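Participant: next one to model:
(2 chains)
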2 protein chains.
Amino acid sequence: MHFVKIRNFATMSTNRPIILVVNDDGIAAPGIRVLANLMKQLGDVVVVAPDSPQSAMGHAITISKPLRLEKVDVYDDIEMYQCSGTPVDCVKLAVNKVLHRKPDLCVSGINHGSNSSINVIYSGTMSAAMEGAIENIPSVGFSLCDYAHQADFEPVKKQVLEIASLVLQNGLPQGTLLNVNFPKTPTIKGIKICRQALAKWKEEFDERLDPSQRTYYWLTGVFDLFDHGQDTDEWALANGYTSVVPVQFDFTAHHVINILNTWNFDAQKG
Amino acid sequence: MHFVKIRNFATMSTNRPIILVVNDDGIAAPGIRVLANLMKQLGDVVVVAPDSPQSAMGHAITISKPLRLEKVDVYDDIEMYQCSGTPVDCVKLAVNKVLHRKPDLCVSGINHGSNSSINVIYSGTMSAAMEGAIENIPSVGFSLCDYAHQADFEPVKKQVLEIASLVLQNGLPQGTLLNVNFPKTPTIKGIKICRQALAKWKEEFDERLDPSQRTYYWLTGVFDLFDHGQDTDEWALANGYTSVVPVQFDFTAHHVINILNTWNFDAQKG
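Facilitator: Purely as a prediction, here's the structure:
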């Protein structure tokens, strides 16, 4: 591991696309290695990943403590950096301190575990991709519905390449990104374009006593799916398909604006 | 401070609404005290807040370390708890371990600083309110565009009460919550229902050397507004109005589904 002063590294000098690879499971996770190696077929790859696991960090950013960014040599032939912050911090640092120009594609993952349905909200993988989209970079989050460290990524490789290639070719509408989830199966049936299924986690806090007899809790829960539409990501995954959900970072519930305008606010509404 | 075993506290026995008050600035912030005291006029109040500042935590949840939840007596006459986790953890613990029934209203804030426009994505205040909405509780995040610890909350009190009362009366459409931002002015002109303005933060990492001559970075930046629509929250705030944006946690970019369906995926699309 090198400790170097990093400032505007001129990463590549070719005309190939520059592809930024990030994740939330950390730089040592097998999923990001698979993704980085696949992306070498499509362009020049730069990896910027958290130096420790950052699952469930959502869109957190680090503002109350300083960040470290270090060039590392985890793989032999890919330029890579580790960051002490969150997945979103990684994207911000990559764009501002590592890459000499805006990348052509930002891919996040491959996450060990599902980011379908409501999981998109808690996911560091998807928040990193969303930050890429906010930076106006075509961005995709990839997740495999298998939490195991030794998950088998072989069945998803062809589709990862296919989806990344299409996004490089076509771009994505401004303000949007893709949430791609792969079912845990050796034979994926195909790809379905979906909407996010409505669901929530039913928390079950595991309550324990520490050696001083004080209570502490582990957050756990069960996934509660109450939306069985065949156009949802959950339906696609349960039926052996890869789900592709277009995601946006305009959170406005536009359909509710007219309803609120009928409310009787006493204050002058201008 | 009491260290107690907490399990399904029977918080109240009246027929008044139960109002859950959360924030991200932590239990000692003036803004949550103002909000909790205002809510006493509308119902029975329970505060569950982080034990330390948790700004910019986004929708992070705590899954890799245990959580603490402790009953505290920071204010004399309000039932309150502090939690070692994130703002979203606070809501999950409140619903599952503190309250004996689902609250009638969840209010988050009053945040010291703006959560308008793209800030909604990074905000712990808004993520706590969003978690309330995921739990199917009518939920509102309140923020004052003044980062000072000693911000003057006096000019916003009337509107906080008014908006909370209307949400208690009318409820909110399922899957939605409100993002309310107050301008920093002694005389607010009124309330405007808005959409989220398009903007981003232009990062400016402040690069420094530690005593060992190794580089570290502070994340900072300037707000880059490129959407001057008069129907946006930024326009309302800049012109002396309170902005009310309805927010949703279905992140699907529904308008992009048809576009993606025209892409030529080689794999069978089923």
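Participant: so what's the residue nearest to residue A:195 when sequence neighbours are not counted up against?
Facilitator: Excluding its sequence neighbours, the residue lying closest to residue A:195 (Cβ to Cβ, 6 or more residues apart in numbering or on different chains) is residue B:252, at 4.4 Å. Heads up, the C-betas are built off the backbone N, CA and C, glycines and all. Counting by Cβ atoms under 8 Å, 6 or more residues apart in numbering or on different chains, residue B:252 touches A:195, A:196, A:245, A:246, A:247, A:248.
Participant: quick one: which of these is most hemmed in?
Facilitator: In terms of neighbour count, residue A:245 stands highest of these at 30 neighbours, by other Cβ atoms under 10 Å in any protein chain shown.
Participant: give the contact list for that one.
Facilitator: Residues in contact with residue A:245 (Cβ under 8 Å, 6+ apart) are A:116, A:120, A:178, A:179, A:180, A:181, A:193, A:194, A:195, A:196, A:233, B:252.
Participant: note down every partner strand of the helix or strand hosting the fifth one and its orientation.
Facilitator: According to DSSP states H and E, residue A:180 maps onto strand A:176-182. Sheet pairing of strand A:176-182 (DSSP bridges) gives strand A:139-144 (parallel), strand A:242-248 (antiparallel).
Participant: run the angle between whichever helix or strand comes after the first one and strand A:139-144 for me.
Facilitator: Helices and strands here follow DSSP H and E; after strand A:139-144, the next one along the chain is helix A:157-170. Here helix A:157-170 runs at an angle of 170 degrees relative to strand A:139-144 (axes from the mean of the first three to the mean of the last three Cα atoms, to 10 degrees).
Participant: distance from the strand holding residue A:180 to the middle of the chain?
Facilitator: 8 Å (Cα atoms, centre = their mean, to the nearest Å).
Participant: what's the next secondary structure element after that strand?
Facilitator: Using DSSP H and E, the first helix or strand after strand A:176-182 is strand A:191-193.
Participant: from the rest of the structure, what touches that following strand?
Facilitator: A:159, A:162-163, A:236, A:241-246, B:257, B:260-261, B:265, B:267, B:269-270.
Participant: show me which of these are buried.
Facilitator: A:159, A:162-163, A:236, A:241-246, B:257, B:260, B:265, B:267, B:269 (16 or more other Cβ atoms under 10 Å in any protein chain shown).
Participant: closest to residue B:23 out of those?
Facilitator: Checking the buried ones among the contacts of strand A:191-193 against residue B:23 by Cβ to Cβ gives residue A:245 as the nearest, at 31.1 Å.
Participant: if I read this right, residue A:61 contacts residue A:91, doesn't it?
Facilitator: No. Residue A:61 is beyond contact range of residue A:91, at 9.9 Å (criterion: Cβ atoms under 8 Å).
Participant: pLDDT weak spots in the stretch 51-200 of chain A?
Facilitator: Along the stretch 51-200 of chain A, the model assigns pLDDT under 70 to no residue.
Participant: do a quick rundown of the helices in chain A.
Facilitator: Per DSSP state H, chain A carries helices over the ranges A:30-39, A:87-93, A:119-122, A:124-134, A:157-170, A:233-238, A:257-261.
Participant: thinking again about what came up before, more neighbours, residue A:61 and residue A:91?
Facilitator: Per other Cβ under 10 Å, whichever of residue A:61 and residue A:91 has more neighbours is residue A:91, with 30 against 26.
Participant: can you tell me the closest non-neighbouring residue to the more buried one?
Facilitator: Per Cβ to Cβ, 6+ apart, closest to residue A:91 is residue A:131, 4.2 Å.
Participant: counting neighbours, what do you get for that neighbour?
Facilitator: Residues near residue A:131, counting by other Cβ under 10 Å: 30.
Participant: before we move on, what about the one 4 residues further on?
Facilitator: Counted with other Cβ under 10 Å, residues neighbouring residue A:135 total 21.
Participant: what about the closest residue in space to residue A:240 that isn't next to it in sequence, neighbour count?
Facilitator: Sequence neighbours aside, residue A:189 is the residue nearest to residue A:240 in space, at 4.4 Å (criterion: Cβ to Cβ, 6+ apart). Using other Cβ under 10 Å, the number of residues around residue A:189 comes to 16.
Participant: for residue A:189, phi and psi?
Facilitator: phi -70, psi -30 (degrees, to the nearest 10).
Participant: related to what we said a few turns ago, so which of the helices of chain A gets nearest residue A:221?
Facilitator: It's helix A:119-122; of these, that one is closest to residue A:221 (Cβ to Cβ) at 11.0 Å.
Participant: got the contact list for the closest one?
Facilitator: A:56, A:58, A:126, A:179, A:196, A:245, A:247, B:59-61, B:88, B:130, B:134, B:249, B:251.
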